Structure formats: structure tokens, C-alpha cells
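1. just coords:
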């Protein structure tokens, strides 16, 4: 990871909320949410909001790692979803690196719509050794297959 490059990351981005990223839409797809999904509101699901923020931070950090050797992974996400965000809303997201570790970066991120601050939080990402992560995944898959009698759980 190029620490100097990562330390200088700052971004401003707009994001138009699609119709299919509402809480109602997301929970209707989940096995445990189908029964009550229709009672939810038609606003951006917090899970999608987290994914949008994390994906932007990963994209920015990815520019400063050797992707053949390192992979950027999420470590900690602290998000305060402060207001409803209806579909078609245009969000303005701003972020910058607030803290830097040997292989990690913590981003401060804020998002506004035309009326208010709708998100405030931090995302900590790690530039992990790709081979080590792939090895850990393979070990876990093997253990799960063994424990499940050859079937993945």
C-alpha cells in the first residue's frame, strides 16, 4: 500500500438512488424479510447505503495498492443513517482519510441530500495480502465442507 497516496485521498461524489434499493425491495429478497417487507418504507435501505459508501472508499484505496499482491477489504464500518432517502434522490458524498495505519486507512464520510445531512460515519479498510486471504478462505471452505459432510452450509 502506498501510504503517502492513501493519506491524500479525498473524494466528492454524487449518487442517484435507484428504485430497487429501498428497504422494502431489499427485505423482500431475504428469506427472513419476506413476511414483513411490504410494511417497510420506500427509502434507501441502510444496507445499500453502507455498500455505496464502502464501495467508493474501496475504489479510492484500490488506486494505491498493487492488486496482484494486495486486496482491499472492509474491517470496521460505523455509519449513522440520519435521515430518509427516497428513490431518485441525488446524494452528495464527501470523504477523506482521517486515520492511517500500517496497512489500513480510516475514511470519514458524510452524505447530504438537498435538505439535510443523511449520513455521517467512518469506514476502516485494510490492504490485506491477497495470498493470505485466499489461503484463509480455502481453509475455511474446506473446514465447512468437512463439517457439513461434504455439503457447504
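-> Received the coordinates, thanks. Note that the structure is predicted; figures quoted are calculated from it, not measured.
2. Who are the contact partners of residue 110?
-> Contact analysis of residue 110 by C-beta atoms under 8 Å, 6 or more residues apart in numbering lists 93-95, 117, 119-121. Just so you know, the C-beta spots here come from the backbone N, C-alpha and C atoms, and that holds for glycine as well.
3. Determine which two of the residues you listed are furthest apart.
-> For the contacts of residue 110, the maximum inter-member distance is 13.6 Å, found between 95 and 117 (C-beta to C-beta).
4. So which of those two has more stuff around it?
-> Using other C-beta atoms under 10 Å, the more surrounded residue of residue 95 and residue 117 is residue 95, with 22 against 12.
5. Kindly indicate whether that one is helix, strand or coil.
-> Following DSSP: H, G, I helix; E, B strand; the rest coil, residue 95 is assigned to strand.
6. Leaving out chain neighbours, which residue sits closest to it?
-> Residue nearest to residue 95 in three dimensions, not counting chain neighbours: residue 109, with 4.1 Å by C-beta to C-beta, 6 or more residues apart in numbering.
7. How about the contacts made by the closest residue to residue 129 other than its chain neighbours?
-> Using C-beta to C-beta, 6+ apart and skipping residues adjacent in sequence, the residue nearest residue 129 is residue 70, 6.4 Å away. Counting by C-beta under 8 Å, 6+ apart, residue 70 touches 1, 127-130.
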